[in-house]
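[1] structure for the following, please:
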Amino acid sequence: MALTLSELARQVDGDIVRGEPSFLIEGIAALDEAGPSELSFLGNERYRQQFLETRAGAVFVPPGVTAGPESAALIAVENPSLAFGVAVKHFTAAHARVFEPGIDPRAIIDESVGFDPAKVRIHAGAVVMAGAVIGDGTEIGPNVVVGEKVVIGSDCLLHALVSIRERCVLGDRVIVQPGAVIGSDGFGYETVEGRHVKMDQIGIVVLEDDVEIGANTTIDRARFGRTVIGAGSKIDNLVQIAHNVQIGEHNLLVSQTGVAGSSKTGKYVVMAAQAGVAGHVKIGDQAVFAARTGATADLEGGKTYGGYPAQPHMDDQRQKAALRKLPDLIKRVKRLEE
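    As a prediction, this is how the structure comes out:
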């Protein structure tokens, strides 16, 4: 459904910087693809040139931006990306997921499973094993496997091919993307007389409320006790969380990050792509890891780190800048020696 510029501004608590309040917006698109009746946003200075060249009819911009392409109306908002997300929900409402309870006859559900069939959706090929409990409003996708005595809270969404192994616990409003494995065995072995002897992994995984797990991510069960992903944390695709790890509340872990066994993070920790944490390491609240940062020892919170082993990000950048000068310095030394 189309919105006028003034209606759009009210929805996102924005201010019209330029444009007629009655101007009609009919859709959404990226800056480089938007047309004269579509909305876009400037959320990163990297896209400044696309902003200046866009054909969009309107653009969400940060406060203080008053100039742009002549054809575009401008709406100033504190967070253009978040405001655009609100607009996306409006313009795509007709295609949004709608929860419809129902049990596909091709699902396999043990008779001891605790759930209300009138309040749960279970798709074809799903297997729910003995003693599991499923909360109201939860949807279990095609070919999902829910192990014995698993507890799943309310309003959860498990996409296709997810595996939740025995006794693991999911809170409310948890989302697990396709192919993720929750509760696989931790990687624990002892070498005895030249052979690797597997150590039993008898703990569980707990995903607290409002956690989201990305596609093909794996979270290992504890050797004993619990591997925990704290409330509100969001984990990207292809992330590995090892046994007995404690991820704090509202963490963000980006693709291909790995956290080794028994490590612990505080609240609001951010790890960019391919970051790594060695075993038994503690990371403080609000620490930020640049891409490919490797933490081998405990790190304070409230700082940004880079490099391997992890160090304050600016120190890492200065060292890398110095290394780039090394070939020229070697040539100068050789000339001096000659």
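
[2] can you report phi and psi for Leu52?
    Torsion angles at Leu52 (phi, psi; degrees, to the nearest 10) stand at phi -70, psi -20.

[3] and the nearest residue to Gln311 once chain neighbours are set aside, which of the three is it?
    Computed as Cβ to Cβ, 6 or more residues apart in numbering, the closest residue to Gln311 that is not its neighbour in sequence is Tyr305, at 6.5 Å. Placement of C-beta: from N, CA and C, glycine included. At Tyr305 the chain is in strand, as set by DSSP: H, G, I helix; E, B strand; the rest coil.

[4] and Tyr305, what does it touch?
    Ala287, Val288, Phe289, Ala290, Thr293, Ala295, Leu299, Gln311, Pro312, His313, Asp316 (Cβ atoms under 8 Å, 6 or more residues apart in numbering).

[5] pull out the buried residues from the residues you listed.
    Ala287, Val288, Phe289, Ala290, Thr293, Ala295, Leu299, Gln311, His313, Asp316 (16 or more other Cβ atoms under 10 Å).

[6] from the contacts of Tyr305, which is closest to Ala94?
    Val288 (38.5 Å; Cβ to Cβ).

[7] any idea how far the closest one is from Ser255?
    Distance from Val288 to Ser255, counting by Cβ to Cβ, to the nearest Å: 16 Å.

[8] Ala310 now?
    For Ala310, the distance to Ser255 - Cβ to Cβ - is 19 Å.

[9] try Ala96
    For Ala96, the distance to Ser255 - Cβ to Cβ - is 26 Å.

[10] for Ile140, what are its contacts?
    Taking Cβ under 8 Å, 6+ apart, one finds Ala107, Val120, Arg121, Ile122, His123, Ala126, Val128, Ile134, Val146, Leu158 in contact with Ile140.

[11] what sits against the residue nearest to the fifth one when sequence neighbours are not counted?
    Read that as His123. Leaving aside its chain neighbours, His123 sits nearest to Pro142 (4.5 Å; criterion: Cβ to Cβ, 6+ apart). Neighbouring residues of Pro142 by Cβ under 8 Å, 6+ apart: His123, Ala124, Gly125, Ala126, Ala160, Leu161.

[12] in helices only, show me these.
    Using DSSP state H, no member of the contacts of Pro142 falls within helices.

[13] domains in this protein, by residue range?
    3-95, 102-316 (automatic domain parsing).

[14] can you say which of these is packed in most?
    Mean neighbours per residue, mean count of other Cβ atoms under 10 Å, is largest over the domains of the chain for domain 102-316, with a mean of 19.

[15] what mean pLDDT would you report for it?
    Domain 102-316 carries an average pLDDT of 98.

[16] shift numbering so it begins at 59
    From this message on, residue numbering opens at 59, which makes the last subject domain 160-374.

[17] what bridges to the closest residue to Tyr247 other than its chain neighbours?
    Spatially, and ignoring its direct neighbours in sequence, Tyr247 is nearest to His254 (4.3 Å; Cβ to Cβ, 6+ apart). Listed by DSSP bridges, the beta-bridge partners for His254 are Thr249.

[18] and His254, how close does it get to Gly246?
    10 Å.

[19] Asn102 now?
    42 Å.

[20] ok, now Gly143?
    41 Å.

[21] repeat for Gly85
    Distance from Gly85 to Gly246, by Cβ to Cβ: 52 Å.

[22] Arg281 too?
    In terms of Cβ to Cβ, Arg281 sits 6 Å off from Gly246.

[23] where do the helices sit along the chain?
    Using DSSP H, helices in the chain cover 63-69, 106-111, 138-149, 371-382, 384-395.

[24] which stretch among the ones you listed comes nearest Asn295?
    Comparing these by Cβ to Cβ, helix 138-149 comes nearest, at 19.7 Å.

[25] next one: that closest one to chain centre, how far?
    Relative to its parent chain, helix 138-149 has a centroid offset of 18 Å by Cα atoms, centre = their mean, to the nearest Å.
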